[in-house]
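*Asks:* Below are the sequence and a predicted model; questions follow.
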Amino acid sequence: MNQRLTDYLNGVFTPYDGVKSITELKAYLLSDLKERYSELRAEGKDEETAFKMTIDSIGDIEQTILEVANLSRSLERQVLTNFSASNLPKSDFTGVTAHKGLFEGSALRGSDFSGADLTGSSFKGSDVREANFDGANLTDCSLSALDLANASFNKTILVRTNFSKSGLDGVKFTGVKLTDVMLTMTDLRKTIFDGCLFDGVNFKYSDLRGLCFDGQTFIGVRFDKAALNEVSFRGATLKNVSFQSAFTLSKKYYRAIKTICFDGATMDKLTFALLKGMEADLSKVTVI
């Protein structure tokens, strides 16, 4: 009869083979069932009745096992995705899933994260120069205060991603929709944006001098207190975009606004009125 109990548990636990905590639970449960079966037999129950009563005594065990397995797998993933303080240049992370992964204070120069799902991960303080994030999911990731020089973000998912105070020289953002992304207090003069849509992005206090945003779309974007000399918005679309100065109506900021090129741009009435009040050259702008 002990073998019958073992066979029963083997059938119940088969979908969770390899999950450490489940293996431990199975051993504990088998011991408990054997003890219960012996007690029932000692009470005079026949083998079949004692077996059925023993199995019934554990209730809905499958739901319990499922919950324990899910928790165990989650914990095991967290352990596996802690790469903080690691020396991992040119590593292959293509296509991996590492939610809330920790890559802090690590050497990751030249590593390949293309196609990876890194939702909620942190790279704070790491060397991520020349890394490849093409097609990766960086929702709610922290890439602030680190060196990302020459990294690539082609069709990357960027939602609430934080790049503030990071080194972005030579970084390429191509074909990306940036949603509620933080690019504050950052030197972006040598960063490349091509074919991007900026929705709710914050560039506050960043240096964008000479940057080219031609043909790209800006919705609810904030350029407040940013350095904007010689920035180009040729053929761009701007809706509800903010250009507040650090010093209200300062002559220096007026002069910077006048150097921005909006030729061929399309913008809503509010953005147009704001820029008109700052004496921007809007002679070749279409108002929608």
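*Replies:* Ah, there it is.

*Asks:* and the closest residue to C261 other than its chain neighbours, what does it touch?
*Replies:* Among residues not flanking C261 along the chain, S232 sits closest, at 4.5 Å (Cβ to Cβ, 6 or more residues apart in numbering). Every residue, glycine included, has its C-beta placed from N, CA and C. If you count contacts by Cβ atoms under 8 Å, 6 or more residues apart in numbering, S232 has them with 211-214, 260-261.

*Asks:* pLDDT below threshold where in this protein?
*Replies:* For the chain, applying pLDDT under 70 flags the ranges 1, 13, 15-22, 60-80, 246-250.

*Asks:* give me that answer again for 80
*Replies:* 1-2, 5, 8-29, 55, 57-81, 245-253 (pLDDT under 80).

*Asks:* buried set for stretch 259-268?
*Replies:* 260-262, 265-268 (16 or more other Cβ atoms under 10 Å).

*Asks:* Nearest to G44 among the contacts of S232?
*Replies:* F213 (85.7 Å; Cβ to Cβ).

*Asks:* what are the ranges of the helices in this structure?
*Replies:* Per DSSP state H, the chain carries helices over the ranges 2-13, 20-42, 47-56, 61-80, 251-258, 269-277.

*Asks:* now the ones you listed in JSON lines, with distance to A227?
*Replies:* Output for these, formatted as JSON lines (distance: least, Cβ to Cβ, whole Å):
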{"stretch": "helix 2-13", "distance to A227": "62"}
{"stretch": "helix 20-42", "distance to A227": "54"}
{"stretch": "helix 47-56", "distance to A227": "73"}
{"stretch": "helix 61-80", "distance to A227": "41"}
{"stretch": "helix 251-258", "distance to A227": "7"}
{"stretch": "helix 269-277", "distance to A227": "17"}
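
*Asks:* So which of those helices is nearest K225?
*Replies:* Nearest to K225, of all the helices of the chain, is helix 251-258, at 8.9 Å by Cβ to Cβ.

*Asks:* what angle do the closest one and helix 269-277 make?
*Replies:* 120 degrees (axes from the mean of the first three to the mean of the last three Cα atoms, to 10 degrees).

*Asks:* can you start the count at 479 instead of 1 from here on
*Replies:* Will do, 479 is the new start, and the previous item becomes helix 729-736.
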